[in-house]
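Participant: Quick one, what's the 3D model for this:
(one chain, ligands or ions: 1)
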Amino acid sequence: MGKLAIIYDDIYLEHKPWYPHPENPRRLEIAVKYLKDYNLWSNGNVRIAKPWKASLDLVYRVHVKGYVDYIVRLSRSPPAEVDPDTYVSEKTLEASLYAIGGLIRAYELYVNEGVDRSIALVRPPGHHAGRAGKAMGAPTQGFCIFNNIAILASYMLEKGYNRIAIVDIDVHHGNGTQEIFWKEPRVLHIDLHQDPLTLYPGTGFPEDIGGGEAKGTKINIVLPMGSGDDVFSEAVDLAITILEQYRPQAILFSAGFDAYVGDGLADIRVTANSFYNIGKRILEELKPNLVIATLEGGYSKGLSRGLPAFTSALLGEENVVEDEYIGSRTTVKSRFKEYMNSLKQILREYWSL
Ligand SMILES: [Zn+2]
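Facilitator: Here you go, the predicted structure:
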């Protein structure tokens, strides 16, 4: 395998809250520290690359003008809040444009230099941001300003791609991404998340499958509270079965690490094993031409343990993080089985499962 690029710049530390907030610059300091500690930063197969700054034109491809202009306005009079979860500080707009530019850089590294796997360690995150801010009836934007991964996917659609897969492994539903591509069959969106009845943003049910020609290309795999590595692995089985049939030209990961046990904001109990295995299986079983992952959530141990495990998988190396595998309780497993049965029944109209 060739090199893995990690896209990073200190500009991502400049989006900062002025009050205690889980989505803060410390997250990236943890991410970088542990990648270094696990020898993944100076690894000979890793290339650290700087992001570009995206233009507002790129943002307008996905978000409505009124919303973009609103963010620009707020960023001129910081500190400001989009909603009680989502803050705008002095450098938020700047960091956001570099977050988008980080993903575009990852894509251009592939086109120009053949770097076929990248992880963009960006802030602010993006997957809850819909076309005009809040998405699918969610109460807030959940720390997100612009939808970084959706902007990259749109950019690639314009370059001629017509089968892009977005795999969202953040513990929260990627409602912004799903809303943006609801009627877009050229984007398969598979989202693994904690049961929306028990977690923000309260969206992403099995019957939500997209609209129009895109029906069947939006897949919500719901994990009951308390799910461990065994349940997560079965969710990955289904994701891979669908991905095999879709044959994506590129796989984009909304890589959140907040499903890690005890990460802080949710109640899923997976370990480094799950983050390693999904990366490894997707590379080995699907042999994608291009993989670009972008950081979404992850607030503590997910960043110090889940992220290095996932990174070592994308490198094609052994898992650097040793964790005891966590199995789910019987009640959790049986609830998951019910969820999966109803999901598969809905999806059989579109996929052979
Ligand atoms: Zn999340």
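
Participant: Need the per-residue pLDDT for the closest residue to the ion within the stretch 251-353 of the chain.
Facilitator: Proximity of the stretch 251-353 of the chain to the ion (CB to the ion) peaks at residue 297, 2.9 Å away. Just so you know, the C-beta spots here come from the backbone N, C-alpha and C atoms, and that holds for glycine as well. Residue 297 is assigned 98 on the pLDDT scale.

Participant: Pull up the residues of the stretch 251-353 of the chain that are close to the ion.
Facilitator: 256, 258, 297 (CB under 5 Å from the ion).

Participant: Get me the contact residues on this structure for the ion.
Facilitator: Residues of the chain lying close to the ion (CB under 5 Å from the ion) are 170, 172, 256, 258, 297.

Participant: how about a markdown table for those residues, with secondary structure and neighbour count added?
Facilitator: As requested, these are exported to a markdown table (DSSP: H, G, I helix; E, B strand; the rest coil; neighbours: other CB atoms under 10 Å):
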| residue | secondary structure | neighbour count |
| --- | --- | --- |
| 170 | coil | 27 |
| 172 | coil | 30 |
| 256 | coil | 29 |
| 258 | coil | 26 |
| 297 | coil | 30 |
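
Participant: Residue 149 reaches residue 294, doesn't it?
Facilitator: Yes. In this structure, residue 149 is within contact of residue 294 by CB atoms under 8 Å, at 5.3 Å.

Participant: more neighbours, those two?
Facilitator: Legend: neighbour count by other CB atoms under 10 Å for residue 149 and residue 294, higher for residue 149 (32 against 27).

Participant: hmm, who's touching the helix or strand harbouring the more buried one?
Facilitator: Per DSSP states H and E, residue 149 falls inside helix 148-158. Residues outside helix 148-158 that contact it (CB atoms under 8 Å, 6 or more residues apart in numbering): 54, 58-59, 61-62, 99-100, 102-104, 106-107, 120, 122, 125-127, 129, 164, 166, 176-177, 180-181, 184, 186-187, 250, 252, 254, 292, 294.

Participant: From the chain's centroid, how far away is stretch 76-85?
Facilitator: The chain centroid and the centroid of stretch 76-85 are separated by 24 Å under CA atoms, centre = their mean, to the nearest Å.

Participant: for the residue nearest in space to the middle of the chain, helix, strand, or coil?
Facilitator: What sits nearest the mean C-alpha location of the chain, by CA atoms, centre = their mean, is residue 254, with 1.3 Å. Following DSSP: H, G, I helix; E, B strand; the rest coil, residue 254 is assigned to strand.

Participant: Which residues belonging to the helix ranked longest in the chain are considered buried?
Facilitator: Scanning the chain for the helix with the most residues, using DSSP state H, yields helix 92-113. Using 16 or more other CB atoms under 10 Å as the test for burial, helix 92-113 gives 92-107, 109-110.

Participant: ok and that helix relative to helix 148-158, angle-wise?
Facilitator: 40 degrees (axes from the mean of the first three to the mean of the last three CA atoms, to 10 degrees).

Participant: I'd like the next helix or strand past helix 92-113.
Facilitator: Sequence-wise, the next helix or strand downstream of helix 92-113 (DSSP H and E) is strand 117-120.

Participant: ok so, going back, what sits opposite the residue nearest to the centre of the chain in the beta ladder?
Facilitator: Per DSSP bridges, residues listed as beta-bridge partners of residue 254: residue 168, residue 294.

Participant: Can you tell me how far the residue nearest to residue 352 when sequence neighbours are not counted is from the ion?
Facilitator: Computed as CB to CB, 6 or more residues apart in numbering, the closest residue to residue 352 that is not its neighbour in sequence is residue 245, at 6.8 Å. Relative to the ion, residue 245 is positioned 27 Å away (CB to the ion, to the nearest Å).

Participant: just checking, residue 245 touches residue 351?
Facilitator: Yes. Residue 245 lies in contact with residue 351 (CB under 8 Å); the separation is 5.7 Å.
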